[in-house]
Structure formats: structure tokens, C-alpha cells
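Undergrad: After the sequence you'll find the predicted model.
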Amino acid sequence: MTPSDLTAAARRRLSLALRDRVAGADAPRRAQAVWLAPGPRRFAPHDPICRVHGHGGMYAGGIRALLLQSLHPLAMAGVGQHSGYRGDPWGRLQRTSEFIAMTTYGPVDAAERVLDRINRVHRTVVGTAADGRPYAATDSHLLRWVHVAEIDSFLRAHQHYARTPLTATEADTYVAQTSWAAGQLGVLDPPRSVEELEQALTAYRPELEASDGARDVARFLLAEPPLPWTARPGFWMLAAGALTLLPGYARDLLDLHLPGPLRPLEPAALTLLDPLGRLGTAAVGWALASPEDPRNAPTSSAVVDRTGPVHDS
């Protein structure tokens with residue numbers, strides 16, 4: 001085989017490995033339903049939401065989002081008692097990735113069906129946290145926290161790792177475009193600009209704490225990822241990126257610090273982690289650009305006319 005053939009084969013292996021984890025054994029059907037199925041789309045390929053959600057930074061951003069989301073004790077109670085993140089971590093990831101992919105790139109009718117299914121599941125997620133407070137997955141306040149932590153993480157990862165970050169106006173548009181799916185899931189008044197997103201995150205700060213569940217999520221993601229040892233170095237590169245992007249207060253709450261005597265070296269250590277995050281993200285981006293990936297050869301560029309009725313273009 002020529003060097004070019006070896007490179008193409010390596011890219012294909014990494015691309016398939018990522019698809020297997022993120023989309024599962026049903027990846028071909030899901031790809032067909034999202035990228036290749038006919039029908040109008042809500043967003044155009046050049047829209048900020050499509051650029052952010054199609055970038056390799058989503059992987060580091062996703063780890064950051066999970067760590068940040070876990071700091072709300074009621075949201076964490078729902079995850080811990082109902083999501084099975086330890087028993088079925090890849091299933092949870094695959095359901096989340098389908099939601100993001102379908103509501104960003106999929107046909108409008110299919111996206112609405114996914115949202116309806118999620119809303120039905122949310123109505124069954126109720127319980128009581130360790131401190132005795134009740135929670136429900138339909139609680140708009142909790143849904144808003146999950147949304148803002150996620151969108152902030154995706155946006156920050158994209159802005160940090162993308163060769164061409166969004167402009168300030170495009171970043172506002174990204175936040176506004178993500179508000180559609182959030183509203184369909186029951187988030188009242190989701191942020192529609194970066195400023196509103198930052199204000200929302202700040203408003204939740206007094207409610208955040210490092211519960212036992214949050215510490216378990218951090219341990220699971222960072223020390224015990226559900227991967228074979230051969231795959232862990234690549235994952236830890238992405239996790240390194242997530243740690244560098246995580247707000248200082250979140251690292252404090254989760255005690256993600258060097259041991260006491262080494263604490264003065266922490267700023268330098270974080271600086272050293274950044275290249276690892278960049279390398280891991282670049283590898284993911286390289287794999288996602290594989291010509292064999294269905295998202296890179298869609299049969300339709302159908303979009304929604306946001307000033308009028310849905311149409312194909």
C-alpha cells in the first residue's frame with residue numbers, strides 16, 4: 001500500500017471507531033435518516049449551528065458539558081437515578097448525539113419526532129434528590145440549566161479550537177438557533193445571545209455544588225472512561241481539552257486540582273494540557289472529514305426559509 005492508501009485506511013478506521021461509539025451499531029441507518037433522507041431542513045449548511053455542531057471541538061465540549069451539568073444537584077439526581085450513565089454510557093451518548101444531529105441537520109419532520117420522543121421520556125423522569133428535594137425532567141428551570149451548560153460548552157470549544165471561529169454576530173446567531181430545540185423541550189425563554197447565555201450561567205452559580213453524584217461523574221469520565229486501554233489515550237486528550245475549558249469555579253467544586261505540594265504548578269500544568277486537547281480535537285476533525293462519512297456527501301441541501309414556509313433549495 002502507498003502512504004496515501006495507509007493514511008486513508010487510518011482515517012477510515014478512526015472515523016468508523018468514532019461513529020461506532022457516538023452512533024452505535026445502528027450508525028448507517030441513523031446517518032441515512034439525518035444526512036441523506038429527503039426533506040426540508042431547518043438550518044442551512046453555512047449556519048453557525050451547523051458549523052459548531054459539525055466541528056471536532058464538540059467532543060471536548062461534550063465532556064466539559066457533562067462535568068458542568070453535573071454540578072446542579074437536582075439535574076444530577078435525575079441523571080444518576082434514571083440515565084444509567086455507568087451501566088449504559090454509550091447508549092446515553094448515542095441518544096444525545098441523535099438529538100443534536102437530527103435537530104441540527106435532519107429533516108424537520110424527523111427532528112420533531114425525536115423531540116416528541118424525548119418529551120415523552122422526560123415525563124417519566126421524576127424523583128427525590130438525596131437532600132429530599134423533588135425533581136422532574138420537565139422542570140423548565142432544570143432543562144434551562146442543562147441547555148445553557150451544554151451550549152456554552154459547545155460554543156467555547158468551537159471558538160477555542162476552530163481555525164475560523166465564529167464572529168461575535170455569528171456566535172449570537174448560534175445561541176439563538178439552539179433556542180429552537182430548547183424551546184421545544186420545554187425551556188422557557190432560552191438565551192438568544194452570548195450575553196444572555198453568560199447571564200443565565202451566572203444566575204445558576206448559587207445553586208451549584210459538588211454532590212457525590214457530580215464527583216462520581218468526574219471520576220467516571222476522567223479516571224475510569226468506559227474504553228479499552230488502547231483507546232483511552234485519545235479520549236484523555238479530549239478530556240484534557242475539556243479541563244482547560246472548564247470554568248475555574250467548576251474545577252474548584254469538583255476538586256480537579258493537583259495535590260497540595262504541586263498546586264503552585266497548576267497554571268503551568270493547564271497550559272501543557274491545552275496542546276493535548278488541540279491534538280485530540282484535530283484528530284477527531286481529521287476523521288470526521290473522511291470522504292466516506294455520509295455527512296460529507298449529502299444528497300440534499302434542503303433548508304428552511306425562516307421568513308416563510310419550509311422549502312427545498
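TA: Now that the structure is in, tell me what you want to look at.

Undergrad: Do I have it right that Val126 meets Arg133?
TA: No: judged on Cβ atoms under 8 Å, Val126 makes no contact with Arg133 at a distance of 12.0 Å. (Each C-beta comes from the backbone N, C-alpha and C, glycine too.)

Undergrad: More neighbours: these two, which one.
TA: Val126 (15 against 11; other Cβ atoms under 10 Å).

Undergrad: quick one: the more buried one from Asp139, how far?
TA: 9 Å (Cβ to Cβ, to the nearest Å).

Undergrad: what do you get for Ile118?
TA: When distance is defined by Cβ to Cβ, Ile118 is 14 Å away from Asp139.

Undergrad: Equivalent analysis for His46, please.
TA: Counting by Cβ to Cβ, the gap from His46 to Asp139 is 35 Å.

Undergrad: Which of the two has more residues huddled nearby?
TA: Neighbours were counted for His46 and for Asp139 using other Cβ under 10 Å; Asp139 has more, 18 against 9.

Undergrad: Apart from its chain neighbours, what residue comes closest to that one?
TA: Using Cβ to Cβ, 6 or more residues apart in numbering and skipping the chain neighbours, the partner closest in space to Asp139 is Leu74 (7.6 Å).

Undergrad: For that neighbour, grab the count of nearby residues.
TA: So Leu74, with other Cβ under 10 Å, has 21 neighbours.

Undergrad: ok, now Leu270?
TA: 16.

Undergrad: which secondary structure element contains it?
TA: helix 266-288 (DSSP states H and E).

Undergrad: hey, C-alpha coordinates of that helix in PDB?
TA: Below are the C-alpha coordinates for helix 266-288, written out as PDB (Å, rounded to 0.1, in the frame of the first residue of the first chain):
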ATOM      1  CA  GLU A 266      -1.200  24.000  38.300                       C
ATOM      2  CA  PRO A 267      -1.300  27.000  35.900                       C
ATOM      3  CA  ALA A 268       1.600  25.600  34.000                       C
ATOM      4  CA  ALA A 269       0.000  22.100  34.000                       C
ATOM      5  CA  LEU A 270      -3.200  23.600  32.500                       C
ATOM      6  CA  THR A 271      -1.100  25.300  29.800                       C
ATOM      7  CA  LEU A 272       0.500  21.900  29.000                       C
ATOM      8  CA  LEU A 273      -2.900  20.300  28.700                       C
ATOM      9  CA  ASP A 274      -4.000  22.600  26.000                       C
ATOM     10  CA  PRO A 275      -1.800  21.200  23.200                       C
ATOM     11  CA  LEU A 276      -3.200  17.700  24.100                       C
ATOM     12  CA  GLY A 277      -6.700  19.000  23.700                       C
ATOM     13  CA  ARG A 278      -5.800  20.600  20.400                       C
ATOM     14  CA  LEU A 279      -4.200  17.400  19.100                       C
ATOM     15  CA  GLY A 280      -7.200  15.200  20.200                       C
ATOM     16  CA  THR A 281      -9.600  17.600  18.600                       C
ATOM     17  CA  ALA A 282      -7.600  17.900  15.400                       C
ATOM     18  CA  ALA A 283      -7.600  14.100  15.100                       C
ATOM     19  CA  VAL A 284     -11.400  14.000  15.500                       C
ATOM     20  CA  GLY A 285     -11.800  16.700  12.900                       C
ATOM     21  CA  TRP A 286      -9.500  14.800  10.500                       C
ATOM     22  CA  ALA A 287     -11.600  11.600  11.000                       C
ATOM     23  CA  LEU A 288     -14.900  13.500  10.600                       C
END
